[in-house]
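>>> Fold the following.
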Amino acid sequence: MEHVTPIYILSGFLGSGKTTLLSRLIASFKQQGLRPAIVMNEIGEVNIEGLAADEAVPTAEMLSGCICCTIRSDLSSEIAMLIQRERPDVIVIEATGIANPMEILDATAEASLYMRIDVKKLITVVDAAHLLHLNIEQKGKTYRLMQEQIRAASALVLNKMDLVEDRDSETIRELVKRWNPHALIVPSVRCDLNVEVLLQSDPLDRNEQSIVHHREAGDALEHTDKHKQANSHKHDDNHEPGHNHDHDHSHEPGHNHDQTHDHGSHDHVMSYTYYFSHPVNSVEFERLIAGLPRDVYRAKGILTFSDTNSRFLFQYAFRESDFMKITPQGQVPDVVVFIGEHFQKSLLREQLEQLEGKTSRA
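Here you go, the predicted structure:
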């Protein structure tokens, strides 16, 4: 009997904890003696999690676009090549935080027409404290996108529950249950949960049905290569360390989408990537991060500080920052990616250049 590759899709808004859950899933699969693989999607030009990831885990990176729209046609070929090259036992797709999960599920289902894969679960990680705050006003594109991500899930991880008051715990649970009465709900702190419970199958859940078809992954390469040529998107891959890059996550004029879907839910989100040419002072960097405008709600990067002997994985989400010592494999540049809504990139670039001493201070 031919191997059918199970696929899990991770959804959730920026900073919700998807990458933490991804790490726990990968560790769990390895403990079971399975060979996992990852498809990582980022709207920026560099995948920070990918740079710091374990090289023993095969990873396909899809950058500078969203699976659900601008690079949707690439997904089938990425999955097919991953299966053909690495023969994984299981694949986890971590979508960018601004993606509509129904579109990702649809794109993955499209891929299943040409290879033997089985979409097992769509798991949405919810930042409980952030959602509780947004629910007060009940408006805005971020609020609507989080609704979509919750409604599409077959399992919900209510993360960061330690930041929610006891009196609000039931409120947030009832809220997500109202939006999605069928999904399994798993509360957590830092996505510390029972993976076996999270991944358990419900035979009555429509989302658990296999969408396996009877073609080889090799056939998918031929089909998707032709599909990509017919629906090509230009991506500039010539990014060198030491250069700055501006990247607006927006749709180009004339870019056609399936008329039955609304892709306007995240065209307000933009990202900016900055490559450092040399180490910077940690105190000065933390001061810069503390002063970020509220329009910047997510940042992450890999940095070398001039006042320490270590490299750090940096994460920032909704006014909170975190630094973790790492030892990246191979040649990894010092880089930071900022994600937000219509923030002033030129001002941010000027502040970063001042931090490096490239321009004189006022």
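>>> Strands along this protein, start to end?
For the chain, the strands defined by DSSP state E cover 5-11, 36-41, 59-62, 90-94, 117-127, 155-159, 184-187, 244-247, 269-275, 296-304, 311-317, 320-326, 335-341.
>>> other SSEs contacting the longest one?
Where contact means 3 or more C-beta pairs under 8 Å, 6 or more residues apart in numbering; DSSP states H and E, strand 117-127 is packed against strand 5-11, helix 18-31, helix 101-111, helix 141-151, strand 155-159, helix 195-199. Every residue, glycine included, has its C-beta placed from N, CA and C.
>>> Okay, angle between the fourth one and helix 101-111 too, please.
Computed with axes from the mean of the first three to the mean of the last three C-alpha atoms, to 10 degrees, the direction of helix 141-151 lies at 50 degrees from that of helix 101-111.
>>> weakest of the strands of the chain in terms of mean pLDDT?
Among those, strand 244-247 carries the lowest mean pLDDT, a mean of 38.
>>> Flag the shaky bits of the stretch 1-150 of the chain, pLDDT-wise.
Counting by pLDDT under 70, the low-confidence segments of the stretch 1-150 of the chain come to 1-2, 42-55, 62-73, 106, 109-110, 112-114.
>>> With Asp168 as the reference, measure out to the nearest residue to Val125 once chain neighbours are set aside.
Nearest residue to Val125 in three dimensions, chain neighbours excluded: Gly12, at 3.5 Å (C-beta to C-beta, 6 or more residues apart in numbering). Distance check for Gly12 against Asp168: by C-beta to C-beta, to the nearest Å, it reads 19 Å.
>>> what's the most buried one of the helices and strands packed on strand 117-127?
strand 155-159 (a mean of 25; mean count of other C-beta atoms under 10 Å).
>>> hang on, the earlier thing: as a markdown table, the helices and strands packed on strand 117-127 with distance to Asp307 would be great.
As requested, the helices and strands packed on strand 117-127 are exported to a markdown table (distance: least, C-beta to C-beta, whole Å):
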| stretch | distance to Asp307 |
| --- | --- |
| strand 5-11 | 36 |
| helix 18-31 | 27 |
| helix 101-111 | 42 |
| helix 141-151 | 36 |
| strand 155-159 | 33 |
| helix 195-199 | 39 |
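>>> Select, out of these, the one closest to Ala128.
strand 155-159 (4.9 Å; C-beta to C-beta).
>>> List the neighbouring strands of the closest one plus their orientation.
Partner strands and pairing direction for strand 155-159 (DSSP bridges) are strand 117-127 (parallel), strand 184-187 (parallel).
>>> Could you check how many residues crowd around the residue nearest to Val125?
Using other C-beta atoms under 10 Å, Gly12 is surrounded by 27 other residues.
>>> try Phe338
24.
>>> Go ahead and confirm it touches Ala299.
Yes - taking C-beta atoms under 8 Å as the definition, Phe338 is a contact partner of Ala299 at 4.7 Å.
>>> Overlap of the contact sets of the two?
Shared contacts of Phe338 and Ala299 (C-beta atoms under 8 Å, 6 or more residues apart in numbering): Leu292.
>>> can you pull the pLDDT of Asp225?
pLDDT, read off for Asp225, is 44.
>>> Could you do Arg319 as well?
78.
>>> From Val4, how far out is the residue lying closest to it once chain neighbours are set aside?
Closest residue to Arg319 apart from its sequence neighbours, by C-beta to C-beta, 6+ apart: Arg294 at 7.9 Å. According to C-beta to C-beta, Arg294 and Val4 sit 46 Å apart.
>>> Compare neighbour counts for those two and give me the winner.
Neighbours per residue (other C-beta under 10 Å) separate Arg294 from Val4, with Val4 holding more: 13 against 10.
>>> Was I right to think that one contacts Val119?
No - assessed by C-beta under 8 Å, Val4 is found out of contact with Val119, at 10.8 Å.
>>> hang on, the earlier thing: state the phi and psi torsions of the residue nearest to Val125.
For Gly12, the backbone dihedrals (degrees, to the nearest 10) come out as phi 140, psi 150.
>>> got the strands of the chain as JSON lines, with distance to Gly17 columns?
Formatted as JSON lines, the strands of the chain follow (distance: least, C-beta to C-beta, whole Å):
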{"stretch": "strand 5-11", "distance to Gly17": "10"}
{"stretch": "strand 36-41", "distance to Gly17": "15"}
{"stretch": "strand 59-62", "distance to Gly17": "19"}
{"stretch": "strand 90-94", "distance to Gly17": "11"}
{"stretch": "strand 117-127", "distance to Gly17": "5"}
{"stretch": "strand 155-159", "distance to Gly17": "4"}
{"stretch": "strand 184-187", "distance to Gly17": "12"}
{"stretch": "strand 244-247", "distance to Gly17": "24"}
{"stretch": "strand 269-275", "distance to Gly17": "18"}
{"stretch": "strand 296-304", "distance to Gly17": "12"}
{"stretch": "strand 311-317", "distance to Gly17": "9"}
{"stretch": "strand 320-326", "distance to Gly17": "12"}
{"stretch": "strand 335-341", "distance to Gly17": "15"}
